[in-house]
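> Would you be able to build a 3D model of this:
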Amino acid sequence: MNVRVARAAWAWGRGVSCRRGASSFLLPPPGAVDVEELLRDATAAEEGPREASVRRLPGQCSVLLFPGQGSQVVGMGRGLLRYPRVRELYAAAHRVLGYDLLELSLHGPQEALDRTVHCQPAVFVASLAAVEKLHHLQPAVIENCVAAAGFSVGEFAALVFAGAMEFCEGSAVSPEEFLQVSLQTHQDVAG
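Here you go, the predicted model:
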């Protein structure tokens, strides 16, 4: 799914999806295209005849950057609960995690929220809840998003936003899996 389609799906109110048997990040998703083939196609497209393309001004584009572990604080998410689908995000996280993440995020204690096993899902879900607020208040920002990135666990929120990962995959990632995927991502980029 390309980023434009993913943004459109998000902006049109795609529901929170959870699939049983979600990937373990070791295998590419069904229908994934080989990176070599993508690069070959991109090079061929660049060498072909140039079409008149509409270039957007920087003020007409947006980039979303999602926060990482360490940005958690008791009470986070409280102001987001009035926006559509935010409670649905927290309910899905409750089903996946087996505990009430919303209660922990709103009332703490801070020591429990600071534990890696709790803060990573809390930051992940609060980040996607903030996207819901942004979609409600400024939908053009979502529709004109040209890139999404994240720091630490924010990488998973960016992947879910872009449509590259299911919500339940991101909310259920263990600290060990997070580290494995994060290291692999950095090796691929440095590679």
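> So for the longest helix along the chain, what gets flagged as buried?
Once the chain is assigned using DSSP state H, the helix that runs over the most residues is helix 116-137. Neighbour counts over helix 116-137 (16 or more other Cβ atoms under 10 Å) mark 118-135 as buried. Every C-beta, even on glycine, is put in place using the N, C-alpha and C of the backbone.
> Just the CA atoms of that helix, as PDB, please.
Provided in PDB are the C-alpha atoms of helix 116-137 (Å, rounded to 0.1, in the frame of the first residue of the first chain):
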ATOM      1  CA  THR A 116       9.300  -0.300  29.300                       C
ATOM      2  CA  VAL A 117       6.500  -2.900  29.000                       C
ATOM      3  CA  HIS A 118       3.900  -0.100  29.700                       C
ATOM      4  CA  CYS A 119       5.400   3.100  28.300                       C
ATOM      5  CA  GLN A 120       6.100   1.800  24.800                       C
ATOM      6  CA  PRO A 121       2.400   0.800  24.100                       C
ATOM      7  CA  ALA A 122       1.300   4.000  25.900                       C
ATOM      8  CA  VAL A 123       3.400   6.300  23.700                       C
ATOM      9  CA  PHE A 124       2.400   4.300  20.600                       C
ATOM     10  CA  VAL A 125      -1.400   4.500  21.300                       C
ATOM     11  CA  ALA A 126      -1.200   8.200  22.500                       C
ATOM     12  CA  SER A 127       0.600   9.000  19.300                       C
ATOM     13  CA  LEU A 128      -2.000   7.500  17.000                       C
ATOM     14  CA  ALA A 129      -4.700   9.100  19.200                       C
ATOM     15  CA  ALA A 130      -3.000  12.500  18.500                       C
ATOM     16  CA  VAL A 131      -3.300  11.700  14.800                       C
ATOM     17  CA  GLU A 132      -7.000  11.300  15.300                       C
ATOM     18  CA  LYS A 133      -7.200  14.800  16.900                       C
ATOM     19  CA  LEU A 134      -5.100  16.200  14.000                       C
ATOM     20  CA  HIS A 135      -7.400  14.600  11.500                       C
ATOM     21  CA  HIS A 136     -10.400  16.100  13.200                       C
ATOM     22  CA  LEU A 137      -9.000  19.600  13.600                       C
END
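> What helices and strands are in contact with it?
helix 3-11, helix 86-97, helix 101-107, helix 110-114, helix 139-143, helix 154-162, helix 167-171, helix 175-190 (3 or more Cβ pairs under 8 Å, 6 or more residues apart in numbering; DSSP states H and E).
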